[in-house]
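Student: Only the shape, not the letters, is given here:
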C-alpha cells in the first residue's frame, strides 16, 4: 500500500512538473511574440519615417527643409537607411 501511494505521489509530481514547464514554454512564446511585435512595429514606423524623408529630400521646397532644420543632403542620408538601422 505504501509503495502504491509513493508511486502515485511521484506520478503526480511528475505531471505537475510537465504542466509547469508547459506554462513556462507558453510564457516564453508569449514574450517572444510581444518582442517580435514590438520590433516589427518599430520597423514599420522607421519605414514610414524614411519614406517621409525621401519625399522631403526629393521635393524642391526649400522652406520646408529650412523649417525642420535640415539640408537636402541630410534628408537624403536619413532616407537612404534601411528600416532595421536605427
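Tutor: That came through fine. Note that the structure is predicted; figures quoted are calculated from it, not measured.
Student: Okay, residue 35 and residue 23: tell me how far apart.
Tutor: For residue 35, the distance to residue 23 equals 19 Å [CB to CB, to the nearest Å]. Where you see a C-beta, it was placed from the backbone N, CA and C, and this is true even at glycine.
Student: Give me the pLDDT value at the spatially most central residue of the chain.
Tutor: The C-alpha lying nearest the average C-alpha coordinate of the chain belongs to residue 39 (CA atoms, centre = their mean; 2.1 Å). Looking at residue 39, its pLDDT is 95.
Student: so it is in which element?
Tutor: helix 2-58 (DSSP states H and E).
Student: and if you look at residue 67?
Tutor: Using DSSP H and E, residue 67 sits within helix 62-68.
Student: For that helix, enumerate the helices and strands it packs against.
Tutor: Secondary-structure packing of helix 62-68 (3 or more CB pairs under 8 Å, 6 or more residues apart in numbering; DSSP states H and E): helix 2-58.
Student: pLDDT weak spots in the protein?
Tutor: The chain contains residues with pLDDT under 70 at 1-22.
Student: List the contacts of the nearest residue to residue 44 once chain neighbours are set aside.
Tutor: Distance criterion CB to CB, 6 or more residues apart in numbering; nearest residue to residue 44, sequence neighbours excluded, is residue 83 at 7.9 Å. Applying CB atoms under 8 Å, 6 or more residues apart in numbering, we find residue 83 in contact with 43, 44, 46, 47, 50.
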